[in-house]
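# return a 3D structure for these sequence lines:
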Amino acid sequence: MTVASELYYDPYDVEIHADPYPIFKRLREEMPLYYNDRHDFYAVSRYDDVQRTLGDRTNFTSTKGDVLELMKAEVQIPPGTFIFEDPPQHTVHRGVVAGVFTPKRMASIEPQIREYAARSLDQFVGAGRFDFVTDLGADLPMRTIGMLLGIPEGEQESIHNFVDETHKVDPGGAMEFNDNTFADAGELYRHYIDWRAEHPSDDLMTDLLNVEFVDELGARRRLTRDEILMYVSLISGAGNETTQRLIGWTGKVLAENPGQRRELVEDPSLIPNAVHELLRFESPSHQVGRVPKHDVEFYGQTVPAGSALLCLTASANRDEQRFPDGEVFDIRRPLTQVMTFGQGIHFCLGASLARLEGRVALEEVLKRFPEWEVDWDNARLASTTSTRGWDTLPVFT
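Next up, the predicted model:
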């Protein structure tokens, strides 16, 4: 299979990353199974193909990772990293924490999330400007995840900064992984866990220290300290970055659609639907990788076993075969399933939390700032490959 020279997709290309949607549209129409020989990966871009791949645990594995750089690195992923596991390990390890992120549990922490949002925003009332990312998008998820995990508030910012830095790359560059990558990330939390073991509280870290479960070998046991480190590292990293991206896109997209923003001000009941549409229109995670366990076919062409296959979720979310006028932002669009949080057994555990934070953030912003314009001279798109969003998005209010 060859690459058409006039149609080229590269997740490391800075210009494509700035606005990938024209390329995504062409891929859907002209080359729904795409191969990049420079980086040796395949990609599917249509909704049905992304849904099929992410939901198919029989023919595809997650054990090599879901980021292109990780899939290529062939590193040893520690046990307990459930987002990179297949059943039965995945079933066991995900089940340990699944009860924490239920919609009911998330609803119970809404008052605290709203307090964090108010605290972030109140200081900018009357100031004439604030930043959707540095003043809100970074702060709100950091406080929320810190509260859930039981990390002292005074130390949450340093952890957020660490997580943020590990996802950044030089423009056009790739993330680097080795056998120590996951262990190094986990070490950041070791002293918190050691302290919490001596000072239990009502938080996820205490729950992880005390939970008993039946593992894949049928043994009833508690988590090892290294497994707890992996859980805490995963939850902290995922919970901080993607929600920060969502809040940043909220500022950008609604600034470009002031009429729909005005509708939200006049009728806040539309806000939950607007958050769903934001997640569709600008997916924080725009691609998810899988590896075929054996040769698979798309459109009569073979993707060999062991290949890196990228599911372009952000493209799937604009597929007009699934979403009429998919390139148009519409807060009144009928609700339907989007690929933003994945599909199947790896559907994002924190989806209900992300939606809750996105809704509360937008409600609190609109109460204080019904109108804003982006300060484009100082807005900066983040240099990342696994997600897409803003490092800074200052606005005039």
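# so Asp135 touches Asp122, yeah?
No: counting by Cβ atoms under 8 Å, Asp135 does not reach Asp122; the two are 11.0 Å apart. Where you see a C-beta, it was placed from the backbone N, CA and C, and this is true even at glycine.
# ok, these two, which is more surrounded?
Shown here are Asp135 and Asp122; by other Cβ atoms under 10 Å, Asp135 has more neighbours (20 against 11).
# you'd agree the more buried one is in a strand?
No: read with DSSP: H, G, I helix; E, B strand; the rest coil, Asp135 is helix and lies in no strand.
# how near is the residue nearest to Phe347 when sequence neighbours are not counted to Glu198?
Excluding the flanking residues, the one nearest Phe347 by Cβ to Cβ, 6 or more residues apart in numbering is Phe341, at 5.7 Å. Between Phe341 and Glu198 the distance is 36 Å, computed by Cβ to Cβ, to the nearest Å.
# please report the distance of the residue nearest to Phe347 from Thr243.
Separation of Phe341 from Thr243 (Cβ to Cβ): 12 Å.
# burial of the residue nearest to Phe347, as a residue count?
Neighbour tally, Phe341, other Cβ under 10 Å: 22.
# correct me, but it touches Leu353?
No: at 10.9 Å, Phe341 does not count as touching Leu353 under the criterion of Cβ under 8 Å.
# make sure Leu349 is indeed in a strand.
No: judged by three-state DSSP, Leu349 forms no part of a strand; its state is coil.
# what sits against it?
Arg94, Val97, Ala98, Phe101 (Cβ atoms under 8 Å, 6 or more residues apart in numbering).
# mind naming the longest helix for the protein?
If you go by DSSP state H, the chain has its longest helix at helix 225-255.
# and that one, how far out from the chain's middle?
Centroid displacement of helix 225-255 relative to its chain, using Cα atoms, centre = their mean, to the nearest Å, is 6 Å.
# what segments of the stretch 51-200 of the chain are helices?
68-73, 89-98, 103-108, 110-122, 139-149, 153-167, 181-187, 190-198 (DSSP state H, counting those that start in this stretch).
# go through the ones you listed and pick out the most buried.
Stretch with highest mean neighbour count among the helices of the stretch 51-200 of the chain: helix 139-149 (a mean of 24; mean count of other Cβ atoms under 10 Å).
# what is the mean pLDDT for that one?
Helix 139-149 shows a mean pLDDT of 88.
# what of stretch 286-302?
On average, stretch 286-302 scores 96.
# what comes up buried for that stretch?
His286, Gln287, Val288, Gly289, Arg290, Val291, Pro292, Lys293, Val296, Phe298 (16 or more other Cβ atoms under 10 Å).
# give the burial count for the nearest residue to Gly358 once chain neighbours are set aside, as a bare number.
Spatial nearest neighbour of Gly358, excluding adjacent residues (Cβ to Cβ, 6+ apart): Val275 at 4.3 Å. As a burial measure, Val275 scores 23 neighbours (other Cβ under 10 Å).
# include distance to Gly259 when you put the helices of the stretch 51-200 of the chain into JSON lines, please.
Formatted as JSON lines, those follow (distance: least, Cβ to Cβ, whole Å):
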{"stretch": "helix 68-73", "distance to Gly259": "38"}
{"stretch": "helix 89-98", "distance to Gly259": "40"}
{"stretch": "helix 103-108", "distance to Gly259": "31"}
{"stretch": "helix 110-122", "distance to Gly259": "23"}
{"stretch": "helix 139-149", "distance to Gly259": "26"}
{"stretch": "helix 153-167", "distance to Gly259": "34"}
{"stretch": "helix 181-187", "distance to Gly259": "43"}
{"stretch": "helix 190-198", "distance to Gly259": "46"}
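# so which of the ones you listed comes closest to Thr387?
Closest to Thr387 of the helices of the stretch 51-200 of the chain, according to Cβ to Cβ: helix 153-167, at 6.9 Å.
# setting aside sequence neighbours, what's the nearest residue to Glu327?
Leaving aside its sequence neighbours, Glu327 sits nearest to Arg318 (Cβ to Cβ, 6+ apart; 5.7 Å).
# that's a strand at Gly289, yeah?
Yes: counting by three-state DSSP, Gly289 is located in a strand.
# might you report the residue contacts of it?
Phe41, Lys64, Gly65, Asp66, Val67, Leu68, Leu70, Met71, Ala308, Leu309, Leu310, Cys311.
# one step back: out of the contacts of Leu349, the closest to Leu209 would be?
For the contacts of Leu349, the nearest to Leu209 is Val97 (12.7 Å; Cβ to Cβ).
# which residues touch that closest one?
So Val97 contacts Leu204, Leu208, Tyr231, Ile235, Leu349 (Cβ under 8 Å, 6+ apart).
# pick out the lowest-pLDDT one from those.
Among these, pLDDT bottoms out at Ile235, giving 82.
# give the full set of residues in contact with that residue.
Taking Cβ under 8 Å, 6+ apart as the test, what Ile235 contacts is Val97, Ile145, Leu148, Leu149, Leu204, Gly350.
# same thing but at 10 Å, please
97, 100-101, 145, 148-149, 189, 204-205, 208, 349-350, 353 (Cβ atoms under 10 Å, 6 or more residues apart in numbering).
# can I get the CA coordinates of stretch 57-64 in PDB?
Written as PDB, here are the backbone C-alpha positions of stretch 57-64 (Å, rounded to 0.1, in the frame of the first residue of the first chain):
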ATOM      1  CA  ARG A  57     -11.000  -6.800  21.900                       C
ATOM      2  CA  THR A  58     -10.800 -10.100  20.000                       C
ATOM      3  CA  ASN A  59      -8.800  -8.800  17.100                       C
ATOM      4  CA  PHE A  60      -7.000  -5.800  18.600                       C
ATOM      5  CA  THR A  61      -4.800  -5.400  21.700                       C
ATOM      6  CA  SER A  62      -4.100  -2.500  24.000                       C
ATOM      7  CA  THR A  63      -1.100  -4.000  25.700                       C
ATOM      8  CA  LYS A  64       1.400  -2.100  23.500                       C
END
